[in-house]
Structure formats: structure tokens, C-alpha cells
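K.L.:
got a predicted structure plus its sequence, pasted below:
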Amino acid sequence: MSKKNSDNNQKVTYEKSGVSIKKADKLINKIKPIAKNTCDKNVIGKIGGFGALYDISKIKYKHPVLVSGADGVGTKLKIAITLNKLDEIGIDLVAMCVNDIISQGAKPLFFLDYYATGQLDLNKSYNVIKGIAKGCKLSNMSLIGGETAEMPKLYKKNDFDLAGFCVGIADKAKLLPKKDISNNDCIIGIKSSGLHSNGYSLINHMIENKKLNLNDKIDGRKLGDVLIKPTKIYTDLLNIKSFGLIKAIANITGGGLTENIPRVLPKNTSCIIDCKEINMPKLFTHIKEKGNIDNKEMLRVLNCGIGMVIITKKTNANKIIKDMKKIKLQSKIIGNIISKEGKPIVNYINI
């Protein structure tokens, strides 16, 4: 028999294509306990079924509305992979989804993840999913399912991607934003934990062009360590006594203050942000200086130290700020709403 015919007669297996079912099964068994540890009494069934089940019949709302969100971590993953620090990147995944539904006044209920990689590495994959579970615990939310995909022809060996799906619940009458946002309402900025998970295409571009170095020092810490600090999860905001006084919440994600605040404003209103009230942390000033980036671009791309924005009546602002301080959320008034015909925009002063 010729060698050519011998090769043609060899058995083809899934393993030879680069996909290991055994590894995937081992990973599922390894993550089941950490996922189970996040689950509340409303979760039905076990991890590993064809669908994830969550019983909302005992959750008492007058007119319950399910609020959902989906997001990813984006190119922050590239820095985490470069530094081989994957244990907290899952927190970012959860935060990016949860903070969006919190902005509509919804309490997070459950989360599912999608993890795709070129080659399954049990330890790395476990660390990523362990971070997702930690994010769910921080959000008081159940990790009830997900999907792990090994795709060697699509991803390089050490590459992977993450996506997350979050579902929460709110009473229809209490959904945000409210319709009564009006002239002279004030804008409160809540401190971010860093860049969160936005603007990293700019950061990676600067690293590739040697304008930034992961070994640069920011307040005695390596820039790389500062850049992969997890996104702040703001679930505790839902529990402050004055939450009912809030008219709107804007999660400051991709698009910065410039693009995200208008998303919660009604027609014929805009806002003024006083840049003197935004104390840009050193991480952001370092990026700005190294990239020679102007202020308008910074405010359009990055959160500049403001992770969330709250809109409320001026007379209620101090009460909300005091309540947030009790749960260790630092905040201050950074602007106000104005009446202006047409599409909502952000106007900056002292820029």
C-alpha cells in the first residue's frame, strides 16, 4: 500500500482537528462548584443542561419588567493576555453588562457567559470563569449557564474572547430614565475604578507605537497593572435610601461622557459639564500627555474618572451624595441640565 493511500485511510477524529471534548468536560466539572456558589434559591436545575432556568414567580413586583444586556471585554483582553493576568478579567465582563441594566433601575438576577478560544487551557480557562463567578457574587447575581467553544481554525493558540448576557428585573413604574428631566436638574459624577473596559483600542495603539509602556509607573504601580484593574460594579447603588429620587443614570462606557449622557436625556434638553469638577486621575493625564490627546477626544473616548452619572433635582443632590458615601461610592456635582431645542448634547465649560 502506498503512503498516500495509507494517509487517506487514517481515522479522522475531533481531537485531530484541534478540539478536545475531554478537556471541555473537565473544565465544566471544575467550574460547576464556583457557579453553584453564586446561585440563589430561584435557580432551577443544574449547570450543564440545554437551557438555564430561573423562577421569577416569587419576586414581588406590581408590574415586573425583565431588563437584559449583552457586552464583552473588548481589547482589554489583549493586555490581560500579554501580562498573563486572567483571574479578574471576568469581573470586567460582568460589570459591563450589569452596569448597563442598573442604569435602567433594574436589579440583576442572572448571568450567562460565552467563552471562545483557539486551544482550551484548563488553568487559564478556569481562572477566567472564576473571575466571572466573582463578578456575579459582587453583583448579587446568579451565574446559571454559559458556553465554552474551542475553535482552533478561528483563534490563535493563546487568544480568546468573552461575551456576557445579563437579565435583571424592575417595576415598570420605576424604570429609568424618568420623563421629568428638566432645566436646572443637576448631574452627579460617580468615581470610576480606572478605564473600566473602554478605549483599549486607543491604549493598544499607543503601546504598539511606543507612546505607552506597560512598565511605566503610575503612583508607584506599573501601568500594566493599573490598566487591567477591574471595572467597578455599581449594584449597591440600587440599595441607597434615596434611589427613588434619581431621575436617570448613565453608564459611562465607550463614547465617554460625550456620547453616553445624551442617551438618557429627553428631546429639547442638553447638559453642561464643568471640567473643573472632573479631577482626572493620573492614569488619564498620563495617557493624555503621552498621546498628545486633546481634552475633547479624552472626554469622547474615555470615562476620565467618572464611571457613572446620576441626574436628579438640585435639592436632592446632597442627600444622594451622602447616601452613596455610606456605601463607599465617591461622587460630586459636575454639571446641570439645560433647556435646548433639538437633539441632546453635552456642552463643556472650563475644558
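P.N.:
Nice, thanks for sending it over.
K.L.:
from now on I want contacts and neighbour counts done on CA atoms only, so please keep to that.
P.N.:
Will do.
K.L.:
contact partners for the most centrally placed residue in the chain?
P.N.:
Among the residues of the chain, M96 comes closest to the average C-alpha position under Cα atoms, centre = their mean, at 1.5 Å. Neighbour list for M96: 71-73, 197, 231 [criterion: Cα atoms under 8 Å, 6 or more residues apart in numbering].
K.L.:
so is G307 in a helix, a strand, or just coil?
P.N.:
Of the three states, G307 takes strand under DSSP: H, G, I helix; E, B strand; the rest coil.
K.L.:
give me the phi and psi angles of the spatially closest residue to it that is not a sequence neighbour.
P.N.:
When the adjacent residues along the chain are set aside, G307 lies closest to S192, with 4.0 Å between them (Cα to Cα, 6 or more residues apart in numbering). Reported as degrees, to the nearest 10, the phi and psi values for S192 are phi -90, psi 170.
K.L.:
and for I44?
P.N.:
Listed backbone geometry of I44 is phi -110, psi 140, with angles given as degrees, to the nearest 10.
K.L.:
just give the nearest non-adjacent residue to it, would you?
P.N.:
Looking at I44 with Cα to Cα, 6+ apart, the closest residue is L53, at 5.2 Å.
K.L.:
isn't the one you found up against G45?
P.N.:
Yes: contact status for L53 versus G45: in contact at 6.7 Å, counting by Cα atoms under 8 Å.
K.L.:
looking at those two, which one has more neighbours?
P.N.:
The residue with more neighbours, out of L53 and G45, is L53; 16 against 12, by other Cα atoms under 10 Å.
K.L.:
for that one, what are its contacts?
P.N.:
Under the criterion of Cα under 8 Å, 6+ apart, the contact list for L53 reads 43-45, 144.
K.L.:
so where's this protein uncertain?
P.N.:
In the predicted model of the chain, residues 1-9, 14, 16 satisfy pLDDT under 70.
K.L.:
N303: neighbour count?
P.N.:
As a burial measure, N303 scores 29 neighbours (other Cα under 10 Å).
K.L.:
residues contacting it?
P.N.:
192, 195, 252-253, 256-257.
K.L.:
rerun that using 10 Å as the cut-off
P.N.:
For N303, the contacting residues are 191-192, 194-199, 251-258, 260, 280, 284, by Cα atoms under 10 Å, 6 or more residues apart in numbering.
K.L.:
repeat for K107
P.N.:
The neighbourhood of K107, defined by Cα under 10 Å, 6+ apart, consists of 66-67, 98, 101, 139-141, 167-171, 235-236, 238-239.
K.L.:
before we move on, the earlier item: any shared contact partners between L53 and G45?
P.N.:
Taking Cα under 10 Å, 6+ apart as the contact definition, L53 and G45 share the neighbouring residues I144.
K.L.:
done for today, thanks.
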